[in-house]
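Visitor: fold the following and give me the result.
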Amino acid sequence: MIIYGLQKLSLLDYPGKTACTVFTGGCNFRCPYCHNASLVVGLNEVEPVDNDTFFAFLHKRRNILDGVCVTGGEPLLQPDIEDFFREIKKRGYCVKLDTNGSFPEMLKHLVDERLVDYVAMDIKNSPEKYSLTAGISELDFSKINESVEFLLSSAVDYEFRTTVVKELHSKDDFALIGEWIKGARRYFIQSFTDSGDILGGSFSAYGKNELEDIRDLMKQYVSETQIRGI
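Guide: Numbering: from 1, shown residues only. You can find the predicted model right below:
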């Protein structure tokens, strides 16, 4: 397992838990507004974190940290992700997985094996605009929908989330998203922030009032809808 970054403490990434965050490299999407571009296309410029160093860190943080968030990139691209999760679970930590939902078979397998305790799945846009927003012309949307339906079944604790970009998302898109994920456990609207490590293009964020309007719309479909990033 190649670790391309480690945030040693986060009070926000794992709802209700104190956690560290592990960053994996590589992604099968090319979302133009991606704020971790170096983890998608610039891996040669990133110094990996040694696995032994990471697990030694976890050993020292027993009784301090509750969980480990694994994000990317897209973590489910990693061929040894299952073994990595097993090692984390052996040490008594909860695991949160961030995913784009394009690998439903592996997602189901990890949940069935009780290796994942919480899933945060990105909802890139309404179904009609998914390929454009993900930056993939030949996107297999059926895989995305399969992951959504699996999470809606409540086999594992989860959230859906959308990073809102003014140039890519309209209010009409959120009505369509709402119909798609209606009845979901929770949904987060994330304000776009230019990290300085954007994959491509020039993008901007909606203002607070506009995001609140989107939140109010989404509450008609998902009662627990909140805004992050403002």
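
Visitor: mean pLDDT per helix and strand in the chain: which one sits at the bottom?
Guide: Using mean pLDDT, DSSP states H and E, the weakest-scoring helix or strand in the chain turns out to be helix 37-40, at a mean of 76.

Visitor: name the residues that touch the very next helix or strand once past that one?
Guide: Per DSSP states H and E, helix 37-40 leads on to helix 51-60 as the next helix or strand towards the C-terminus. Identification of contacts with helix 51-60 by CB atoms under 8 Å, 6 or more residues apart in numbering yields 1, 3, 6, 8, 20, 22, 65, 68, 87-88, 91, 93. C-beta: built from backbone N, CA, C; applies to glycine.

Visitor: for helix 51-60, what is the average pLDDT?
Guide: Across helix 51-60, pLDDT averages out at 94.

Visitor: for the helix or strand that it is followed by, packing partners?
Guide: Going down the chain from helix 51-60, the next helix or strand is strand 67-71, by DSSP H and E. Packing partners of strand 67-71 (3 or more CB pairs under 8 Å, 6 or more residues apart in numbering; DSSP states H and E): strand 19-23, helix 81-90, strand 94-99.

Visitor: alpha carbons of the shortest one, as CSV, please.
Guide: I take that to be strand 19-23. Listed next in CSV are the C-alpha coordinates belonging to strand 19-23 (Å, rounded to 0.1, in the frame of the first residue of the first chain):
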residue,chain,number,x,y,z
ALA,A,19,-9.1,10.5,13.3
CYS,A,20,-6.0,10.7,11.1
THR,A,21,-6.4,10.9,7.3
VAL,A,22,-4.4,8.8,4.9
PHE,A,23,-4.1,9.9,1.2
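
Visitor: contacts for that strand, please.
Guide: 3-10, 13, 36, 39, 54, 57-58, 61, 65-73, 94, 96.

Visitor: what residue ranges in this structure score low on pLDDT?
Guide: Residue ranges of the chain with pLDDT under 70: 42-45.

Visitor: which stretches in it count as helices?
Guide: For the chain, the helices defined by DSSP state H cover 37-40, 51-60, 81-90, 104-112, 130-134, 141-152, 171-180, 208-218.
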